[in-house]
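S.K.: A predicted structure for the sequence below; I have some questions about it.
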Amino acid sequence: MGWQIIGAAMAGYLLLLGRSAWKQGEFRQFLRSLAIVAALCLLLAAAVAVTMWLDAA
């Protein structure tokens, strides 16, 4: 239940941030920044997964 609340709060924050960027005409920059952060999170998750896989072998 705790992670669901955190996820909902994060999604709500991103929606408000996106709305603000839209009103200021900076929505493309917001999406680009969001994509960069998502890519970095994916890279970190991949590094952790590889480390776990190598440790288990």
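M.R.: Received the coordinates, thanks.
S.K.: how about the helices in the protein?
M.R.: When secondary structure is read from DSSP state H, the chain shows helices at 2-23, 27-56.
S.K.: now mean pLDDT and mean neighbour count too, for the ones you listed, in TSV please.
M.R.: In short, each C-beta sits where N, CA and C put it, glycine included. As requested, the helices of the chain are arranged in TSV below (pLDDT from 0 to 100; neighbours: other CB atoms under 10 Å):
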stretch	mean pLDDT	mean neighbour count
helix 2-23	95	10
helix 27-56	96	10
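S.K.: tell me how far stretch 3-21 lies from the chain's centre.
M.R.: What separates the centre of stretch 3-21 from the centre of its chain is 10 Å, taken as CA atoms, centre = their mean, to the nearest Å.
S.K.: contacts for that stretch next, please.
M.R.: Phe27, Gln29, Phe30, Leu34 (CB atoms under 8 Å, 6 or more residues apart in numbering).
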